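Visitor: give me a 3D structure for the following:
(chains A and B)
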Amino acid sequence: MLIYSQPLELTKFLAAIDNFLHSNFAPGWAIVVEGILVGAMILVMYALIALVMIYIERKIAAFFQARLGPNRVGKYGIFQSLADMIKILIKEVIHIKKADKFLFFVAPFFVIVSSVLAFGELPFGINLHALDFNIGVFYLLSVSSLGIIGILLAGWSSNNKYSMIGAMRSGAQFISYELSAGFALMTIVVLSGSMQFSEIIEGQRYCWNLFNGHLPALIAFIIYLISGHAETNRGPFDLPEAESELTAGYHTEYSGLQFGFFYLSEYLNMFIVAAVAATLFLGGWMPIQIKGWEAFNQVMWYIPSWVWFIGKAGILMFISLWVRWSFPRLRIDLLLNLEWKYLLPINLVNMLVMVMIVLSGFTLTDLFPALFGN
Amino acid sequence: MTEHIIFYLLAFVITAFSILTVTSKRIVRSATYLLFVLLATAGLYMMLGYYFLFAVQISVYAGGIMVLFIMAIFLTHKPGKRVPIRQGWKLGSCILLSVAGVLLCGDIILNNVVGVVQYIEKKELTMQEIGTTMLGTGKQQYLLSFEMMSILLLACIVGAILIARKTKTVKNVPNETEL
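Guide: Here you go, the predicted structure:
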């Protein structure tokens, strides 16, 4: 592998911190301090990305609806979500009577912990990768399935009909669409032959998985975007919190920071879905590279890997917002029909097709090794 | 050192929440405590470096079975009702049975398992190794049991569908009283 100059990468900076810690602490303590630093960075990033996304979403939503959006706090309203955050932090947390207080308190934590665990596994760039399990994709699917328990408990412990209906809807929706999301990701695992994020990205150096697996990969990509969208309870699939029927669904009774947890994790789950789709289908942080065009490749490496990652995820998030403001909401039975009668059978057949394509060598890297092979 | 601290923390969580699971008076709370027990067990697998089983434990038990548990509890009559713990010989026999179970399991683990099981030296198992072990036909490979389990699950699904299926509506033959 050629070593390109990567002026804006954080690799050297991180190595310098590592050196500093190891020269000043005992080896065990250096690792402890590094673990704390990484954890703190992940939490800070988590909050920051949510703030930025809330602002961007409000602006884009305003754009789609031909209005201005937030424009009072700061130039173009860029400090609006910061002001909202301060407001939500100082609001009173209201405990309701005749409800199970312990479960009511514990429910938001399930939601946010599962989303932080999934967030911590994302590969943000070269060496910006906190966890790199050899079962990366599977780990991501398993921890993100924890969140639904929080939603169910929140709905039940609120002691409120609307919350309960919202939670049950959310549960049915999440369990169904998780199947599709899992199968779509497994299709790509078949294609790239690994579950480890770093290996999957390395395998997409000259040819993204989306093109490498052509037809089945494209179908898997579309199915993943649909089911990821449905899992995050957004867009045309926001039945659990249908305002006109259920006031606000499972988080009707929550206020202040506890509501903030649900709100934050919803936005971050959207980011996680977009980021996973970008990593598995669009090459993750790997810049666009064409075999043989050395000068072009080098220019592409000047753009740091984390910019590529955020950019790819950003495009997918824009598509998700576009879908959100373009399609009407589905009815609950239609929603479950879509999953069980259409997406799941298509997905199973698609996985079989992918296995056959990989085994018989019809992927682009196998067909044109001179152009795309690693 | 750190491993010991983490292990005792997890062991404490498992024991405390196991006891809370059986002593809690409300069934939804019991289910939640059981979930904590399962998650802490997943933590033990992670300490062993067996990440695959860690992810399986979380996705199957915490993400799958507990969600079904909670949903099923919601469908029961008054899930939030406090149910008092039964006193008398039932409580006594339960305690007796569980102590006997602990002794039996402890004896098996301490004395008998060591002779049969061989420990693997490797820290991390890859997905490929697990896959070939599950679907291989050689020595110490488990294709037969894997397939047996899938047939069992298939039978369960067919049975569940048969029970939940709507019965054919019998044509309403008007009886004489209505005529």
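
Visitor: any weak-confidence spans in the chain?
Guide: No chain was given, so I picked chain A. A:1-7, A:240, A:242-243 (pLDDT under 70).

Visitor: my bad, the chain I had in mind was chain B
Guide: Those would be B:77, B:79-80, B:118, B:120, B:122-123, B:168-179, if you go by pLDDT under 70 across chain B.

Visitor: how about the residues of it near chain A?
Guide: Counting by CB under 8 Å from any CB of the partner chain, chain B comes close to chain A at B:1-2, B:26, B:28-29, B:32, B:35, B:51-52, B:54-56, B:58-59, B:62-64, B:66-67, B:70-71, B:74, B:79-80, B:124, B:126-127. In this view, the C-beta of every residue, glycine as well, is placed from N, C-alpha and C.

Visitor: now, which of these lie within helices?
Guide: Judged by DSSP state H, the subset of these located in helices is B:2, B:28-29, B:32, B:35, B:51-52, B:54-56, B:66-67, B:70-71, B:74, B:127.

Visitor: what subset of the residues you listed is buried?
Guide: By neighbour count, with 16 or more other CB atoms under 10 Å in any protein chain shown, those hold B:28-29, B:32, B:35, B:51-52, B:54-56, B:66-67, B:70-71, B:74, B:127 as buried.

Visitor: what is the nearest of those residues to B:T15?
Guide: Nearest to B:T15 among those: B:L35, at 15.5 Å, using CB to CB.

Visitor: contacts only, for the residue sitting nearest the centre point of chain B.
Guide: Per CA atoms, centre = their mean, the C-alpha nearest to the average position across chain B is that of B:Y61, at 5.9 Å. By CB atoms under 8 Å, 6 or more residues apart in numbering or on different chains, the residues touching B:Y61 are B:L38, B:A42.

Visitor: I'd like to know how far it sits from B:A31.
Guide: 12 Å (CB to CB, to the nearest Å).

Visitor: need the three-state assignment for the nearest residue to A:Q80 once chain neighbours are set aside.
Guide: Leaving aside its chain neighbours, A:Q80 sits nearest to A:P70 (3.8 Å; criterion: CB to CB, 6 or more residues apart in numbering or on different chains). Per DSSP: H, G, I helix; E, B strand; the rest coil, the secondary structure class of A:P70 is coil.

Visitor: wait, A:P70 touches A:D84, no?
Guide: No: in this structure, A:P70 is not within contact of A:D84 by CB atoms under 8 Å, at 9.1 Å.

Visitor: how about the one helix or strand A:I346 maps to as PDB, C-alpha atoms only?
Guide: In this assignment (DSSP states H and E), A:I346 forms part of helix A:344-359. Extracted in PDB, the C-alpha atoms of helix A:344-359 (Å, rounded to 0.1, in the frame of the first residue of the first chain):
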ATOM      1  CA  LEU A 344     -38.800  -9.900   3.900                       C
ATOM      2  CA  PRO A 345     -39.400 -12.300   1.000                       C
ATOM      3  CA  ILE A 346     -37.500 -10.000  -1.400                       C
ATOM      4  CA  ASN A 347     -34.700  -9.800   1.100                       C
ATOM      5  CA  LEU A 348     -34.400 -13.600   1.600                       C
ATOM      6  CA  VAL A 349     -34.300 -14.200  -2.200                       C
ATOM      7  CA  ASN A 350     -31.900 -11.300  -2.600                       C
ATOM      8  CA  MET A 351     -29.500 -12.900  -0.100                       C
ATOM      9  CA  LEU A 352     -29.600 -16.200  -2.000                       C
ATOM     10  CA  VAL A 353     -28.900 -14.300  -5.300                       C
ATOM     11  CA  MET A 354     -26.000 -12.600  -3.600                       C
ATOM     12  CA  VAL A 355     -24.500 -15.900  -2.400                       C
ATOM     13  CA  MET A 356     -24.800 -17.300  -5.900                       C
ATOM     14  CA  ILE A 357     -23.100 -14.200  -7.400                       C
ATOM     15  CA  VAL A 358     -20.300 -14.300  -4.900                       C
ATOM     16  CA  LEU A 359     -19.700 -18.100  -5.400                       C
END
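
Visitor: which other helices and strands does it contact?
Guide: On a contact count with 3 or more CB pairs under 8 Å, 6 or more residues apart in numbering or on different chains; DSSP states H and E, helix A:344-359 meets helix A:161-192, helix A:214-231.

Visitor: greatest separation within the ones in helices among the residues of chain B next to chain A: which pair is it?
Guide: Top of the distance list for these (CB to CB): B:T2 and B:F74, 40.2 Å.

Visitor: ok, the residue nearest to A:Q289 when sequence neighbours are not counted to A:F281 distance?
Guide: Using CB to CB, 6+ apart and skipping residues adjacent in sequence, the residue nearest A:Q289 is A:N297, 4.8 Å away. Going from A:N297 to A:F281 by CB to CB gives 21 Å.

Visitor: I'd assumed A:S145 was in contact with B:G63.
Guide: Yes: counting by CB under 8 Å, B:G63 touches A:S145, with 2.9 Å between them.

Visitor: what do the two both touch?
Guide: Both B:G63 and A:S145 are in contact with A:E178, where contact means CB under 8 Å, 6+ apart.

Visitor: ok, the residue of chain B found nearest chain A - how many residues close by?
Guide: Proximity of chain B to chain A (CB to the nearest CB) peaks at B:G63, 2.9 Å away. Residues lying near B:G63 (other CB atoms under 10 Å in any protein chain shown) number 24.

Visitor: quick check: it vs A:R67, distance?
Guide: Distance of B:G63 to A:R67, computed by CB to CB: 40 Å.

Visitor: surely A:I96 is within a helix?
Guide: No: going by three-state DSSP, the assignment for A:I96 is coil, not a helix.

Visitor: check contacts around it.
Guide: A:I96 touches A:F104, A:S158, A:N159, A:E253, counting by CB under 8 Å, 6+ apart.

Visitor: would you map out the domains in chain B?
Guide: Chain B resolves into domains spanning B:2-123, B:124-172 when parsed by automatic domain parsing.

Visitor: can you say which of the helices and strands packed on helix A:344-359 is nearest to chain B?
Guide: Here helix A:161-192 is closest among the helices and strands packed on helix A:344-359 (CB to the nearest CB), at 6.0 Å.

Visitor: and that closest one, which residues are buried?
Guide: Judged by neighbour count using 16+ other CB under 10 Å, the buried positions of helix A:161-192 are A:162-192.

Visitor: now stretch A:210-226
Guide: A:210-213, A:216-217, A:219-221, A:223-226.
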